[in-house]
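1. Sequence and predicted structure, then a few things I'm wondering about:
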Amino acid sequence: MKKIVLSLALVSASFAFAQKKEIQNASKAIEKNDIAAAKAEISKAEGLLNDQLYLLEPSVLEEYYYAKGVLLIKEGKTREGAALLGKITDLKTIFVGKNSDKKKVFYVGREAAEKSGLSELKMESYTPKTTEKVNSFVNPLLKSASDEAYKAYQAKNYNKAAEKYEEVYNLLKAVGNEDKTYLYYAGINYQAAGKNNEA
(Lines give C-alpha, C1' and ligand atoms only; values in the text may rest on other atoms or scores of the structure.)
Protein backbone atom coordinates (compact mmCIF):
# COMPACT_ATOMS: atom_id res chain seq x y z
CA MET A 1 0.00 0.00 0.00
CA LYS A 2 2.81 2.41 0.92
CA LYS A 3 4.52 1.67 -2.40
CA ILE A 4 1.36 2.54 -4.33
CA VAL A 5 0.93 5.83 -2.46
CA LEU A 6 4.61 6.65 -2.96
CA SER A 7 4.38 5.79 -6.66
CA LEU A 8 1.32 8.01 -7.09
CA ALA A 9 3.09 10.85 -5.28
CA LEU A 10 6.15 10.51 -7.54
CA VAL A 11 4.04 10.42 -10.70
CA SER A 12 2.09 13.47 -9.55
CA ALA A 13 5.29 15.35 -8.68
CA SER A 14 6.96 14.52 -12.00
CA PHE A 15 3.77 15.53 -13.84
CA ALA A 16 3.73 18.92 -12.06
CA PHE A 17 7.46 19.40 -12.71
CA ALA A 18 7.03 18.62 -16.42
CA GLN A 19 4.24 21.19 -16.75
CA LYS A 20 6.29 23.79 -14.92
CA LYS A 21 9.32 23.12 -17.13
CA GLU A 22 7.34 23.47 -20.36
CA ILE A 23 5.72 26.71 -19.19
CA GLN A 24 9.05 28.18 -18.03
CA ASN A 25 10.60 27.26 -21.39
CA ALA A 26 7.71 28.99 -23.18
CA SER A 27 8.18 32.10 -21.05
CA LYS A 28 11.92 32.17 -21.82
CA ALA A 29 11.21 31.74 -25.53
CA ILE A 30 8.78 34.68 -25.42
CA GLU A 31 11.46 36.84 -23.77
CA LYS A 32 13.83 35.91 -26.63
CA ASN A 33 11.05 36.62 -29.17
CA ASP A 34 11.28 33.00 -30.38
CA ILE A 35 7.62 32.56 -31.32
CA ALA A 36 8.01 29.06 -32.79
CA ALA A 37 9.70 27.70 -29.65
CA ALA A 38 7.17 29.42 -27.38
CA LYS A 39 4.29 27.95 -29.38
CA ALA A 40 5.82 24.46 -29.22
CA GLU A 41 6.38 24.67 -25.45
CA ILE A 42 2.85 26.01 -24.81
CA SER A 43 1.46 23.17 -26.93
CA LYS A 44 3.43 20.59 -24.90
CA ALA A 45 2.27 22.11 -21.62
CA GLU A 46 -1.36 22.17 -22.74
CA GLY A 47 -1.09 18.54 -23.79
CA LEU A 48 0.03 17.67 -20.27
CA LEU A 49 -2.50 19.96 -18.57
CA ASN A 50 -5.59 18.70 -20.37
CA ASP A 51 -7.51 21.88 -19.33
CA GLN A 52 -6.76 21.30 -15.65
CA LEU A 53 -5.26 24.72 -14.93
CA TYR A 54 -6.36 24.40 -11.30
CA LEU A 55 -3.46 21.97 -10.77
CA LEU A 56 -0.91 24.71 -11.44
CA GLU A 57 0.61 26.74 -8.63
CA PRO A 58 -0.25 30.45 -8.99
CA SER A 59 3.29 31.40 -10.05
CA VAL A 60 3.27 28.78 -12.82
CA LEU A 61 -0.27 29.72 -13.89
CA GLU A 62 0.84 33.36 -14.07
CA GLU A 63 3.76 32.39 -16.31
CA TYR A 64 1.38 30.37 -18.49
CA TYR A 65 -1.03 33.30 -18.87
CA TYR A 66 1.87 35.64 -19.62
CA ALA A 67 3.58 33.40 -22.19
CA LYS A 68 0.40 32.36 -23.98
CA GLY A 69 -1.10 35.87 -23.84
CA VAL A 70 1.98 37.49 -25.37
CA LEU A 71 2.24 34.67 -27.91
CA LEU A 72 -1.36 35.18 -29.05
CA ILE A 73 -0.85 38.94 -29.36
CA LYS A 74 2.32 38.45 -31.40
CA GLU A 75 0.37 36.09 -33.66
CA GLY A 76 -2.19 38.85 -34.27
CA LYS A 77 -4.83 37.48 -31.89
CA THR A 78 -4.78 40.54 -29.65
CA ARG A 79 -8.25 40.16 -28.17
CA GLU A 80 -7.61 36.58 -27.02
CA GLY A 81 -4.11 37.38 -25.79
CA ALA A 82 -5.28 40.44 -23.87
CA ALA A 83 -7.99 38.33 -22.21
CA LEU A 84 -5.33 35.89 -20.95
CA LEU A 85 -3.05 38.68 -19.75
CA GLY A 86 -6.06 40.15 -17.95
CA LYS A 87 -6.45 36.91 -16.00
CA ILE A 88 -3.12 37.59 -14.28
CA THR A 89 -4.80 40.28 -12.17
CA ASP A 90 -7.40 37.70 -11.05
CA LEU A 91 -4.67 35.62 -9.39
CA LYS A 92 -4.66 37.79 -6.26
CA THR A 93 -7.14 35.49 -4.46
CA ILE A 94 -6.41 31.76 -4.62
CA PHE A 95 -8.26 28.92 -2.89
CA VAL A 96 -5.92 26.03 -2.08
CA GLY A 97 -6.70 22.47 -1.05
CA LYS A 98 -6.61 18.87 -2.20
CA ASN A 99 -9.01 17.09 -4.51
CA SER A 100 -10.33 13.53 -4.16
CA ASP A 101 -7.12 12.19 -5.76
CA LYS A 102 -5.13 13.98 -3.03
CA LYS A 103 -3.62 16.34 -5.62
CA LYS A 104 -3.02 19.91 -4.54
CA VAL A 105 -5.42 22.27 -6.32
CA PHE A 106 -5.41 26.05 -6.78
CA TYR A 107 -8.70 27.73 -7.70
CA VAL A 108 -8.64 31.35 -8.84
CA GLY A 109 -11.38 33.32 -7.11
CA ARG A 110 -14.33 32.36 -4.95
CA GLU A 111 -16.59 31.43 -7.88
CA ALA A 112 -14.15 28.80 -9.21
CA ALA A 113 -13.64 27.46 -5.68
CA GLU A 114 -17.39 27.09 -5.15
CA LYS A 115 -17.84 25.38 -8.54
CA SER A 116 -15.18 22.83 -7.57
CA GLY A 117 -17.45 21.39 -4.88
CA LEU A 118 -14.51 21.03 -2.48
CA SER A 119 -15.25 22.21 1.04
CA GLU A 120 -11.80 22.21 2.65
CA LEU A 121 -10.26 25.01 0.59
CA LYS A 122 -8.17 27.69 2.25
CA MET A 123 -8.09 31.25 0.87
CA GLU A 124 -4.62 32.63 0.16
CA SER A 125 -3.27 35.82 -1.39
CA TYR A 126 -0.88 35.91 -4.30
CA THR A 127 1.03 38.86 -5.75
CA PRO A 128 1.65 38.59 -9.51
CA LYS A 129 5.31 38.98 -10.51
CA THR A 130 4.89 39.82 -14.21
CA THR A 131 3.12 43.15 -13.70
CA GLU A 132 5.98 45.31 -15.00
CA LYS A 133 6.58 43.08 -18.04
CA VAL A 134 2.87 43.07 -18.85
CA ASN A 135 2.62 46.86 -18.47
CA SER A 136 5.58 47.56 -20.76
CA PHE A 137 4.23 45.13 -23.35
CA VAL A 138 0.58 46.24 -23.21
CA ASN A 139 0.81 50.04 -22.91
CA PRO A 140 1.85 50.63 -26.56
CA LEU A 141 -1.02 48.39 -27.71
CA LEU A 142 -3.67 50.31 -25.75
CA LYS A 143 -3.61 53.52 -27.77
CA SER A 144 -3.62 51.63 -31.05
CA ALA A 145 -6.60 49.46 -30.04
CA SER A 146 -8.52 52.46 -28.70
CA ASP A 147 -7.91 54.45 -31.89
CA GLU A 148 -8.97 51.50 -34.06
CA ALA A 149 -12.16 51.04 -32.01
CA TYR A 150 -13.10 54.70 -32.39
CA LYS A 151 -12.32 54.75 -36.14
CA ALA A 152 -14.38 51.58 -36.69
CA TYR A 153 -17.27 53.14 -34.77
CA GLN A 154 -17.04 56.34 -36.84
CA ALA A 155 -17.05 54.23 -40.04
CA LYS A 156 -20.15 52.39 -38.74
CA ASN A 157 -18.20 49.11 -38.72
CA TYR A 158 -19.89 48.16 -35.46
CA ASN A 159 -18.67 44.57 -35.29
CA LYS A 160 -15.02 45.62 -35.53
CA ALA A 161 -15.61 48.48 -33.08
CA ALA A 162 -17.14 46.05 -30.57
CA GLU A 163 -14.21 43.65 -30.86
CA LYS A 164 -11.71 46.49 -30.46
CA TYR A 165 -13.53 47.95 -27.42
CA GLU A 166 -13.49 44.47 -25.88
CA GLU A 167 -9.77 44.31 -26.65
CA VAL A 168 -9.23 47.69 -24.94
CA TYR A 169 -11.10 46.42 -21.86
CA ASN A 170 -8.91 43.31 -21.66
CA LEU A 171 -5.70 45.28 -22.22
CA LEU A 172 -6.67 47.71 -19.45
CA LYS A 173 -7.49 44.78 -17.16
CA ALA A 174 -4.08 43.28 -17.95
CA VAL A 175 -2.38 46.41 -16.59
CA GLY A 176 -4.62 46.42 -13.52
CA ASN A 177 -6.96 49.20 -14.65
CA GLU A 178 -10.22 47.36 -15.30
CA ASP A 179 -12.73 49.78 -16.85
CA LYS A 180 -16.08 48.16 -17.65
CA THR A 181 -17.12 51.21 -19.67
CA TYR A 182 -15.34 49.59 -22.61
CA LEU A 183 -17.45 46.44 -22.22
CA TYR A 184 -20.49 48.71 -22.34
CA TYR A 185 -19.18 50.27 -25.57
CA ALA A 186 -18.56 46.77 -26.94
CA GLY A 187 -22.10 45.72 -26.05
CA ILE A 188 -23.64 48.76 -27.73
CA ASN A 189 -21.62 48.14 -30.88
CA TYR A 190 -22.44 44.43 -30.95
CA GLN A 191 -26.11 45.35 -30.68
CA ALA A 192 -25.76 47.89 -33.50
CA ALA A 193 -24.11 45.14 -35.57
CA GLY A 194 -27.10 42.87 -34.92
CA LYS A 195 -25.10 40.49 -32.71
CA ASN A 196 -27.37 40.47 -29.68
CA ASN A 197 -25.86 37.28 -28.22
CA GLU A 198 -22.43 38.92 -27.97
CA ALA A 199 -23.96 42.13 -26.57
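-> Cool, got the structure.

2. List the single closest residue to the spatially most central residue of the chain in space, sequence neighbours excluded.
-> Nearest residue to the geometric centre of the chain (C-alpha atoms, centre = their mean): Leu84, 2.9 Å. Of all residues not flanking Leu84 in the chain, Gly69 sits nearest, at 3.6 Å (C-beta to C-beta, 6 or more residues apart in numbering). C-betas here are computed from N, CA, C, even on glycine.

3. which element is that neighbour on?
-> Counting by DSSP states H and E, the element that carries Gly69 is helix 58-74.

4. Identify the residues contacting that helix?
-> 19-20, 23-24, 26-27, 29-30, 33, 35, 38-39, 41-42, 45, 53, 56, 78, 80-85, 87-88, 91, 94, 106, 108, 126, 128-130, 133-134, 137, 141, 174 (C-beta atoms under 8 Å, 6 or more residues apart in numbering).

5. what about that helix, average pLDDT?
-> Regarding helix 58-74, the rounded mean pLDDT is 96.

6. Please apply the same query to stretch 130-149.
-> Averaged across stretch 130-149, pLDDT comes to 94.

7. Flag every buried residue along that stretch.
-> Thr130, Lys133, Val134, Phe137, Val138, Leu141, Leu142, Ala145, Ser146, Glu148, Ala149 (16 or more other C-beta atoms under 10 Å).

8. Noted, bye for now.
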